[in-house]
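Peer 1: Structure of the sequence below:
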Amino acid sequence: WARNDDWGSSVKLFRSSLKATPLNAKLWHNLAHVSCPSDEAQQGLMGDKKLKSCRKLYRKAVSLAPDFADAYAGYGILLGESDTAKARELLESAVMLDPQNKLNHKTIADLLARKQIDFEASKIYYENALKLDPEYADAHNNYGNTLLMDKDMAKVEYHYRQALRFNPHHPNALENIERFFPLRSKEESKEQIKGKIKEQSKGQIKGQSTEHKKESKGAETSKGKHSEAKVDTNQPVSDVR
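Peer 2: Numbering: from 1, shown residues only. Okay, the predicted model is just below:
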């Protein structure tokens, strides 16, 4: 019965496992991952006590495994609303430790653009993410938002449409096209746009795996509808990414 209770929730499971292996950095990271919020709205509602507790969990994971990129990434995302300077430092570490991880590049790009910290650096990180995966729909959409600052609307539209090309149901990209290119939107209904994108993609894209369960909701920025930067919640919690 005690074992069944442990398996009753992920938090209880990880806490129970840590009693047996307290020096397991991955378990500390996974406990933080399931215990702490990873999106802006929830982080904004998080009290000081909860934030302090979450920081402690991530710090423990990092101290036990200084080369654990996922721990740095999760910690950086956690601090995205409360300590942007530290968040940037942590996310830069995640990129250095795992430079082939497209999500790490997009995550720091999102932070730098959303918080208006460094638009030029954010563009470099988006480009890196797209070099690693040219079909990364969320990166295309968010890069389009960032390029609005340059007022290069041809490039903005290109990236929004690339997002739709690789994910025809990407609501943020579709809303952004309708918002920033209203004349074209009136000429093309939603179904027409989707039809064109699907036709364009036919024979090239056989399926689109979504990287984040909640990304379709996005976050409204002062410019375009943004796709959230989150840890990969589609992977088993015990083996993140």
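Peer 1: how many other residues sit next to Lys106?
Peer 2: 26 (other CB atoms under 10 Å). To be clear about C-beta, it is placed using only N, CA and C from the backbone, and glycine gets the same treatment.
Peer 1: so what's it closest to, chain neighbours aside?
Peer 2: Using CB to CB, 6 or more residues apart in numbering and skipping the chain neighbours, the partner closest in space to Lys106 is Ala129 (4.5 Å).
Peer 1: Repeat that for Ala173.
Peer 2: Ala163 (3.7 Å).
Peer 1: what's the spacing between the one you found and Tyr136?
Peer 2: 9 Å (CB to CB, to the nearest Å).
Peer 1: what does Ile77 give?
Peer 2: Ile77 is 18 Å from Tyr136, where distance means CB to CB.
Peer 1: likewise His105?
Peer 2: With CB to CB as the criterion, His105 and Tyr136 are 9 Å apart.
Peer 1: ok, these two, which is more surrounded?
Peer 2: Neighbours per residue, other CB under 10 Å: of His105 and Tyr136, the larger number sits with His105, 27 against 24.
Peer 1: burial measure for Asn145, as a count.
Peer 2: Neighbour number of Asn145 under other CB under 10 Å is 27.
Peer 1: Isn't it up against Ala113?
Peer 2: Yes. The pair Asn145 / Ala113 is scored as a contact, 6.9 Å apart, by CB atoms under 8 Å.
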